[in-house]
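A.B. asks: No letters, just coordinates:
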């Protein structure tokens, strides 16, 4: 089985204490504790701003050497320019993250498209050519028109993963288009049986590819607790601090 990376989309939530964070844990220690329980995080901060070099260095210093950071691409690429004429923006975004790549800490970059952006294979083809070769990238489509073989074939040509996302409103088909899998589990509730079903899905995907999976975060610690349960099922214990 290939490695399974599990986490949530963020860690800075005081409402996770005491459900996930121990009582009286200062916010400055949240990331360190999070990384003692989970082995990956999806950073949504980068949707609106580029992280500074100091910020990246501090995140690395607070986490174990094998902890991975996935990032949501800046909205200028996905929502403002809507994938058109974005070569300089894509290069700039990956350039900012280069220290993490050099340190072996960079997971995939997620390009989340607006819900009202419909399928356009010409637009997609031009965009995929902007992504640096051998860079881990995933695309989250939020309009059903994108779920077509022609789109999947284009993504396979560039080794870009289809983000297999699920919410109360949309279910992305379980289609793999890259050498790794990228999941986002965003339904409002997950029962114990639902979590067991997620484990089976991730185990199947991990038979022949590395897996990154992120659970719903927001104000409740439920996503972090379920992610920890899933990681324990794969590894037998949480990662060491």
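C.D. replies: Received, thanks. Small disclaimer: the values here were computed from a predicted structure and weren't measured. Numbering: from 1, shown residues only.
A.B. asks: SS state for the residue positioned nearest the centre of the chain?
C.D. replies: The chain has residue 42 as the residue nearest its centroid, 4.5 Å off, counting by CA atoms, centre = their mean. Here residue 42 is strand, with the state taken from DSSP: H, G, I helix; E, B strand; the rest coil.
A.B. asks: Any idea what it is bridged to?
C.D. replies: Beta-bridge partners of residue 42, counted by DSSP bridges, are residue 70.
A.B. asks: wouldn't it be in contact with residue 6 here?
C.D. replies: No. With contacts counted by CB atoms under 8 Å, residue 42 stays clear of residue 6, the gap being 10.7 Å. C-beta here means a position set from N, CA and C on the backbone, and glycine is covered the same way.
A.B. asks: can you list residues touching both of the two?
C.D. replies: By CB atoms under 8 Å, 6 or more residues apart in numbering, residue 42 and residue 6 have these common neighbours: residue 214.
A.B. asks: quick revisit: relative to residue 154, how far out is the residue nearest to the centre of the chain?
C.D. replies: 24 Å (CB to CB, to the nearest Å).
A.B. asks: Just the element for residue 55, please.
C.D. replies: In the assignment (DSSP states H and E), residue 55 maps to helix 53-61.
A.B. asks: repeat for residue 132
C.D. replies: Judged by DSSP H and E, residue 132 forms part of no helix or strand.
A.B. asks: Tell me which stretches of this protein form strands.
C.D. replies: 4-8, 40-43, 68-72, 106-112, 137-140, 161-166, 180-185, 210-215 (DSSP state E).
A.B. asks: most tightly surrounded among the ones you listed?
C.D. replies: strand 4-8 (a mean of 26; mean count of other CB atoms under 10 Å).
A.B. asks: Just give me how far that one sits from the chain centre.
C.D. replies: Taking CA atoms, centre = their mean, to the nearest Å, one finds strand 4-8 lying 8 Å from the centre of the chain it belongs to.
A.B. asks: Mind checking the pLDDT average for it?
C.D. replies: Across strand 4-8, the average pLDDT comes to 97.
A.B. asks: got the angle for that strand vs strand 106-112?
C.D. replies: 60 degrees (axes from the mean of the first three to the mean of the last three CA atoms, to 10 degrees).
A.B. asks: Pairing partners for strand 4-8, with directions?
C.D. replies: Going by DSSP bridges, the partners of strand 4-8 are strand 210-215 (parallel).
A.B. asks: pLDDT of the strand it pairs with, averaged?
C.D. replies: 97.
A.B. asks: Then stretch 155-163?
C.D. replies: Regarding stretch 155-163, the rounded mean pLDDT is 98.
A.B. asks: Please state the offset of that stretch from the chain centre?
C.D. replies: Its chain's average C-alpha position is 15 Å from that of stretch 155-163, according to CA atoms, centre = their mean.
A.B. asks: Just the terminal-to-terminal distance for it.
C.D. replies: 11 Å (CA to CA, to the nearest Å).
A.B. asks: swap in stretch 23-40?
C.D. replies: 23 Å.
A.B. asks: in that stretch, what counts as buried?
C.D. replies: 25, 30, 31, 33, 34, 35, 37, 38, 39, 40 (16 or more other CB atoms under 10 Å).
A.B. asks: re the thing from before, show me which parts of the helix holding residue 55 are buried, residue by residue.
C.D. replies: 56, 59, 60.
A.B. asks: Just name the closest of those residues to residue 122, please.
C.D. replies: Of all the buried residues of helix 53-61, residue 122 sits closest to residue 56, with 34.9 Å by CB to CB.
A.B. asks: Before I go, just wanted to say thanks for your time.
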